[in-house]
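>>> Need coordinates for the below:
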Amino acid sequence: MNTAEHIRLEANSKKEVPLEKWGPYVSERQWGTVREDYSSIGDAWNYFPHEHARSRVYRWGEDGLAGISDLYQNLCFFIALWNGKDPILKERLFGLSNPQGNHGEDVKELYYYLDNIPTHYYMKYLYKYPQETFPYDDLLNKNKALSKEDPEYEILDTGIFSDNKYFDVYVEYAKNNSEDIYIKIEIVNRGSETADITVLPTLLFYNKWQYAGDEDKPSITFLNNQSVKASHKFLGDYYLYFQEAGEVLFTENETNFKKLFNRENKTEFVKDAFHDAIINGIDHEKLKEKKQGTKCSPVYYYKIKPNDSQKIYLRLTNNQTEKPFAENFEKIFETRKKEADDFYNAIIPSETNADQKNIQRLAFAGLLWNKQYYHYDLERWINTSDGISPDTEERRNGRNHEWKYLKNQDIISMPDNWEYPWYAAWDTAFHCISLALIDPDFAKHQLVLLMREWYMDPQGQLPAYEWNFSDVNPPVHAFAALQVYRTEKNIYGKNDIDFLKKIFQKLIINFTWWINRKDANGNSIFEGGFLGLDNIGLFNRSMILPGDVLLEQADGTSWMGMYALGMMDIALEIAMYDKSFEDAGTKFYEHFVIIGEALNEMGLWNEEDKFFYDLLSLNKSNALPLKVRSAVGLIPLFAATVIEKEQRDNLIDFTKRMDWFQNYRKENNKYLPSQDKSSDDCILLSMVSKERLGFILKRVLDESEFLSAGGIRALSKYYEQNPYSLDFAGTHYTIQYDPGDSTSNMFGGNSNWRGPVWMPLNFLIIRAIKIFGYFYEDDYKVEYPEGSGKFLSLTEVAKKITQRLLSIFEKNEHNERLVFGPYNWFYQKEENRDLVLFHEYFHGDNLRGLGASHQTGWTALVVNLFYNMNNQSMI
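Down below sits the predicted model:
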């Protein structure tokens, strides 16, 4: 791994924070976030809507189109566009808020992350801009009129792209060094007529002086028709050089109080001034005459002929130079693109075909473009005003008020920079598993970051997400840490035991929190609430149930068994180098056995149906199984590992203690979740016995239940014709198979676990089946698919399921991709054939992409599936 990018990554690994100073750290959406909500009732979507974004200053970060910023987001660069017809400039992506969409919030734009590498020395972004008036009102009104049973009305449904009357706007970044960035903007007219477009490359200072006062206010100063200087107390001086523009406009990044609230403005130069100047000619000359500000744009006016293009070159650097665009400067883009090619050629399995390589490259690009500056100081947020709404007692005791110590200001891998521009604890863990393939140091940093004292609460709980930090996500971080460690060891040859030790200490605190807080009956059967699976239950699994009723969860208990096993695996790996960790391995092994006993012996396994179900525990004694065959009953498969002979031979104390514990439980006729393999003396630890594994897989591999053409569904298709109902506490509850968008309002209604295919769930199922296949080898075969009469080893089954998942993204015999569903007509156009989107989840029947459209994010796990399938790896 000696490419130019690997050499740069090696240099970054020696930093305290293994990140480049400049990167794609600008969010796609800052409006509508909890951070920007200063209302007394916690109404984030309505308090700061899209309509305010162009006129109102953000307090906790910036957003912009194809943007970049420094690590602390002092200075930002992004682009703005105008087609001569829209009522506003296109400065940021448009989408519906949660109340506006029939399935919650949803971006209504076409944009694509084409390329990126971990140091961001090369990046490429594509935005598709209609030449006719953008259909803002059409998208809003038609979606608001739709029901939960209707599919969403998307921008490709409006007809705005049907006749190719649009621009492809490519934004390309190529670094000369860490603080010297060349920028190329290329606008291609895909239509059949000459079309107008105005382009405003924009330099902007994030308004932090609203906290500290104007004394340290930064400034951007006009130098000449091809350059401006940006000066900041902490960042220093930067220069933006650009090809000669029609004009250079200046304003201030200040709220237009007059327009929004009918109050006096702080200055006549406000954030949305360019909109009024370019579109309506208001104060245009004033902005041209102004030679200093905190927001600046050179303006380019073009008429582009059909199938023709225009290029704009810029350079953002900390060095002043008389010749910013030296002869042949364009070659920097070719050089950095070649380095990106070399980097991915060294990582992506060579045996994959061109389409598969493209899919992986785009998934990595999305993962890296979703790195975002995230700033949220709870104590400051709760106790201060934004200058618009007063500080109130309701806010001081409102959302997240228990998390006053939480002070986040970091670059974080986000699920989706528009739909989820905030971290979610378990999402981040999955991101790191994919990031480890290309940047293991950043992956390790992200996992450790979540455990730091400015994230984890004093009792050990990890913050779930900003809408409710106290919600509980599945505890997958020990598993993720081990996956990251093993990936780095297998690919890069580095055994980072120090990383495992560091995160193990923090994970112990979190594990203890789970043991103390989420086992109300003291029987090792765990609650936890919705546990990231939103609407998978009959009712909201996070709600407080009446009386002494508890929801004892098969998945909560299974996640904890997986957690204990992951902690044991980490302790044993460390113990191979440091024997003092053997005792910890023993401790977590015993935790695993006790949790496994609870799962198998205390009613969660239903002998009649041969499946794991949640239980409603009534008065801590009587229990009612909730007989819904869902992912809840598959999660017990995830708690599986193999202890190799080498470990048993080297870890004598652990082996001695485990043998004693096993013998004791056998002699006393107690549950024991392990199986020996006499041929090479390895041991399988699993909460699911060989017999019960067969029963579960019979359901999993049945196409009339869990097995779809594109992987494993989250809910059995059986409930399509046979809904399950329950009358409880005066309410009638029903659940049935919903393969597409959510038809309920639970958790905002924008995600659905009642039938679709989810990538992280499938990733864990495939891994579990591979572990069982590794242990049982060809001695254990199952019918695949159920009813076919064909029997395969579990290793072969894992590969078959993997191939089904990958088929969602790969071109089929019709040159279509299942992910695009009814929109394949658009993606068969010459310029769009290699574009791929990585959605949050996929329709359980036709595999069309649903939910967040840029969820790379955890759907980037597709790259791990490619890697693991071609390397026959268990990681």
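
>>> Tell me if I'm right that Gly849 and Val836 touch.
No. Counting by CB atoms under 8 Å, Gly849 stays clear of Val836, with 9.6 Å between them. Just so you know, the C-beta spots here come from the backbone N, C-alpha and C atoms, and that holds for glycine as well.

>>> Now do the shared contacts for these two.
Both Gly849 and Val836 are contacted by Val819, under the criterion CB atoms under 8 Å, 6 or more residues apart in numbering.

>>> excluding its backbone neighbours, what's nearest Asp727?
Tyr733 (7.6 Å; CB to CB, 6 or more residues apart in numbering).

>>> what's the answer for Tyr823, then?
Per CB to CB, 6+ apart, closest to Tyr823 is Leu156, 4.9 Å.

>>> Tell me, what's the model's pLDDT at that neighbour?
We have a pLDDT of 98 for Leu156.

>>> how close does it get to Gly821?
Distance, Leu156 to Gly821, using CB to CB, to the nearest Å: 10 Å.

>>> show me where the stretch 301-450 of the chain has strands.
Using DSSP state E, counting those that start in this stretch, the strands of the stretch 301-450 of the chain run over residues 309-317, 371-377, 407-413.

>>> Turn the ones you listed into TSV, columns for mean pLDDT, distance to Tyr774 and mean neighbour count.
Formatted as TSV, the strands of the stretch 301-450 of the chain follow (pLDDT from 0 to 100; distance: least, CB to CB, whole Å; neighbours: other CB atoms under 10 Å):
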stretch	mean pLDDT	distance to Tyr774	mean neighbour count
strand 309-317	98	51	19
strand 371-377	98	34	22
strand 407-413	98	30	20
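
>>> Can I get these in CSV including distance to Val476?
As requested, those are exported to CSV (distance: least, CB to CB, whole Å):
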stretch, distance to Val476
strand 309-317, 39
strand 371-377, 20
strand 407-413, 15
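
>>> Parallel or antiparallel, list what pairs with the lowest-mean-pLDDT helix or strand in the chain.
The weakest-scoring helix or strand in the chain, judged by mean pLDDT, DSSP states H and E, is strand 674-677 (a mean of 72). Strands that pair with strand 674-677, judged by DSSP bridges, come out as strand 682-686 (antiparallel).

>>> immediately after the partner strand, which helix or strand?
Of the helices and strands lying after strand 682-686 in sequence (DSSP states H and E), the nearest is helix 690-700.

>>> which residues are contacting that following helix?
Residues from elsewhere that reach helix 690-700 (CB under 8 Å, 6+ apart): 600, 605, 610-612, 629, 633-634, 636-637, 675, 686, 688, 705-707, 712, 716, 765, 769, 772, 776, 780, 782-783, 786, 797.

>>> That one: which residues count as buried?
For helix 690-700, a neighbour-count test (16 or more other CB atoms under 10 Å) marks 692-693, 695-700 as buried.

>>> Report the mean per-residue pLDDT for the helix or strand just after it.
For helix 690-700, the succeeding helix or strand toward the C-terminus, using DSSP H and E, is strand 707-708. Across strand 707-708, the average pLDDT comes to 98.

>>> starting at the chain centroid, how far to strand 707-708?
Strand 707-708 has its C-alpha centroid displaced from the chain centroid by 24 Å (CA atoms, centre = their mean, to the nearest Å).

>>> where does this structure have low pLDDT?
Within the chain, the ranges that satisfy pLDDT under 70 run 518-521, 527-532, 534, 541-542, 619-621, 678, 746-749, 870-875.

>>> re earlier: any chance of the buried residues of helix 690-700 in JSON lines with distance to Leu805 as columns?
Below are the buried residues of helix 690-700 laid out as JSON lines (distance: CB to CB, whole Å):
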{"residue": "Arg692", "distance to Leu805": "25"}
{"residue": "Leu693", "distance to Leu805": "21"}
{"residue": "Phe695", "distance to Leu805": "24"}
{"residue": "Ile696", "distance to Leu805": "19"}
{"residue": "Leu697", "distance to Leu805": "17"}
{"residue": "Lys698", "distance to Leu805": "20"}
{"residue": "Arg699", "distance to Leu805": "18"}
{"residue": "Val700", "distance to Leu805": "14"}
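
>>> How many neighbouring residues does Arg665 have?
16 (other CB atoms under 10 Å).

>>> Then Phe48?
Neighbours around Phe48, by other CB under 10 Å: 26.

>>> contacting residues for the nearest residue to it once chain neighbours are set aside?
Nearest residue to Phe48 in three dimensions, chain neighbours excluded: Glu36, at 4.4 Å (CB to CB, 6+ apart). Residues counted as contacts of Glu36 (CB under 8 Å, 6+ apart) are 30, 44, 47-48, 58-60, 386.

>>> on that earlier part again, buried ones among the contacts of helix 690-700?
Among those, those scoring as buried are 600, 605, 611-612, 629, 633-634, 636-637, 686, 688, 705-707, 712, 716, 765, 769, 772, 776, 780, 782-783, 786, 797 (criterion: 16+ other CB under 10 Å).
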